[in-house]
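K.L.:
starting from these lines, generate the structure:
(chains A and B)
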There are 2 protein chains.
Amino acid sequence: MAAPASPTLTTSPRDFEHSDLYKGVYAYVKDYMSRYDISHDMSHIIRVLAIAKHIHIEELAANPWKKLHKQAIILAALLHDVGDKKYLQPGEDAETMIVDVLQKHGCPPRFVSKVALIVEHVSYSSEVKRPQLVKAIVAAHPELAIVQDADRLDAIGAVGIARCFAFGGAKAGDRGLGGCIDHFSDKLERIEGMMKTETGKMMAAERTQRLIEFRGWWEEEHGLVS
Amino acid sequence: MAAPASPTLTTSPRDFEHSDLYKGVYAYVKDYMSRYDISHDMSHIIRVLAIAKHIHIEELAANPWKKLHKQAIILAALLHDVGDKKYLQPGEDAETMIVDVLQKHGCPPRFVSKVALIVEHVSYSSEVKRPQLVKAIVAAHPELAIVQDADRLDAIGAVGIARCFAFGGAKAGDRGLGGCIDHFSDKLERIEGMMKTETGKMMAAERTQRLIEFRGWWEEEHGLVS
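P.N.:
As a prediction, the model looks like this:
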């Protein structure tokens, strides 16, 4: 029999995805996200995780001396929507949920705080509210920049368009599809200007062009409606 | 005081939109559609009505001898989603609902049957099931081709993409956003081949290109997810 997988953060990156910590957190997130609608489901988490890993590789290739804790990036990407304000239920506290699941699956205490701090500050609206605070946390924990960029890239481009309308359909706002399109210029087209990594900036430029092109189509198709 | 607006179908097109029949049906549809999600709301009806009027004008310009009953097109466009199978509630019968509202607002009996017949056969799935039947009805009531084309044009292009994901979000299917994208090749990209009017064919060609371009973006963005 193979030795039991290590639950610590000192294993190699490949081993980490076979560790009890990774598998435990992954299973928790998968179950947790099933309560959300299709704009924030496990496939969103899987995409953000893949983008975060990609940015991590590219950033390291460009700056090999940069210190980035890959396992913190992975855990924060997995957990970044747990306790999201848009979906939080009465009596739930986001930070407690994050800390509990990490501790339960054997995450070393020092990394519990780091991952929880990153998760707490991923959100776009919290950065708009307190930009200086987020800047300070990014300086101390550059992994936050990568998880933020990954999450925001999944809010733009074709995937972002799809998620925007799916959220509109699920939450059935009074503003209809037009309200979703307004969200493009209110928020989505501004995301590019908040990207922090070079890789994220390049990816965001292309995806923002897609938002703008789509909005042009939308406006052309509405030309007949007086 | 002005004379009361005429509720008959013999008034001029401009007068028709001020008639009690038009206003009564419009108010009924607006109330009725408020029970649906944002993929099938009053703004969908307003767009389909605008597209149908546009196709009607273009078709008449190309074939001035063609006999088309504009008021039947308008009423059928307004009513085309009343009693839609996707949303029908137990005990409701689509045809009864259509006939009742038309009669209630003073639609002459001969046109009640014509409009009800058109509304009943607008749907894509009913045409796929019984193409010969729909062909025969289009031959007798060419207005059906215009309302069908208008409704289907609103299912493709940027608006169609938006509606596809909004419906996915509202109906929360198990297949997620990926299920919506599958719907592109399963149905949306085939709509162009079923267009009946020349105007509809031209508009569908452009909107289908948009579906294909969007799907290309989607696939490129999913390249990172193994």
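K.L.:
residue ranges with poor pLDDT in chain A?
P.N.:
Residues of chain A meeting the criterion pLDDT under 70: A:1-14, A:172-173.
K.L.:
try 80
P.N.:
Scanning chain A for pLDDT under 80 picks out the ranges A:1-14, A:86-87, A:172-174, A:226.
K.L.:
nearest spatial neighbour of residue A:149, skipping sequence neighbours?
P.N.:
Leaving aside its chain neighbours, residue A:149 sits nearest to residue A:200 (3.2 Å; criterion: C-beta to C-beta, 6 or more residues apart in numbering or on different chains). The way it works is simple: take the backbone N, C-alpha and C, and place the C-beta from them, glycine included.
K.L.:
and the residue nearest in space to the middle of chain A, helix, strand or coil?
P.N.:
Centroid-nearest residue in chain A, with C-alpha atoms, centre = their mean: residue A:151, separated by 2.9 Å. What DSSP: H, G, I helix; E, B strand; the rest coil gives for residue A:151 is helix.
K.L.:
check whether it really touches residue A:122, as I assumed.
P.N.:
Yes. Taking contacts as C-beta atoms under 8 Å, residue A:151 lies within contact range of residue A:122: 5.6 Å.
K.L.:
quick check: neighbours shared by the two?
P.N.:
residue A:80 (C-beta atoms under 8 Å, 6 or more residues apart in numbering or on different chains).
K.L.:
quick check: buried residues in the helix ranked longest in chain A?
P.N.:
Criterion DSSP state H: the longest helix present in chain A is helix A:198-221. By 16 or more other C-beta atoms under 10 Å in any protein chain shown, the buried positions in helix A:198-221 come out as A:199-200, A:203-204, A:207-208, A:210-211, A:214-215, A:217-218, A:221.
K.L.:
for chain A, what spans make up the helices?
P.N.:
A:13-16, A:20-33, A:42-62, A:70-79, A:94-104, A:109-120, A:124-129, A:131-140, A:143-153, A:157-171, A:176-186, A:198-221.
K.L.:
out of these, nearest to residue B:67?
P.N.:
Evaluated with C-beta to C-beta, the helices of chain A place helix A:198-221 nearest to residue B:67, the distance being 29.2 Å.
K.L.:
the closest one to helix B:143-153, inter-axis angle?
P.N.:
Between helix A:198-221 and helix B:143-153, the angle comes out at 160 degrees (axes from the mean of the first three to the mean of the last three C-alpha atoms, to 10 degrees).
K.L.:
could you name the helices and strands sitting against helix A:198-221?
P.N.:
Here helix A:198-221 touches helix A:42-62, helix A:143-153, helix A:157-171, helix A:176-186, helix B:157-171, helix B:198-221, going by 3 or more C-beta pairs under 8 Å, 6 or more residues apart in numbering or on different chains; DSSP states H and E.
K.L.:
swap the cut-off to 6 Å and go again
P.N.:
helix A:42-62, helix A:157-171, helix A:176-186, helix B:157-171 (3 or more C-beta pairs under 6 Å, 6 or more residues apart in numbering or on different chains; DSSP states H and E).
K.L.:
turn these into TSV, including mean neighbour count.
P.N.:
Output for these, formatted as TSV (neighbours: other C-beta atoms under 10 Å in any protein chain shown):
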stretch	mean neighbour count
helix A:42-62	20
helix A:157-171	25
helix A:176-186	18
helix B:157-171	25
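K.L.:
which bits of chain A sit near chain B?
P.N.:
A:37-38, A:41, A:43, A:47, A:50-51, A:54, A:157-159, A:162, A:165-166, A:168-170, A:172, A:176-177, A:210, A:214, A:217-218, A:221, A:224-225 (C-beta under 6 Å from any C-beta of the partner chain).
K.L.:
of all the helices and strands packed on helix A:198-221, which one comes closest to residue A:141?
P.N.:
With C-beta to C-beta as the criterion, residue A:141 lies closest to helix A:42-62 of the helices and strands packed on helix A:198-221, at 13.5 Å.
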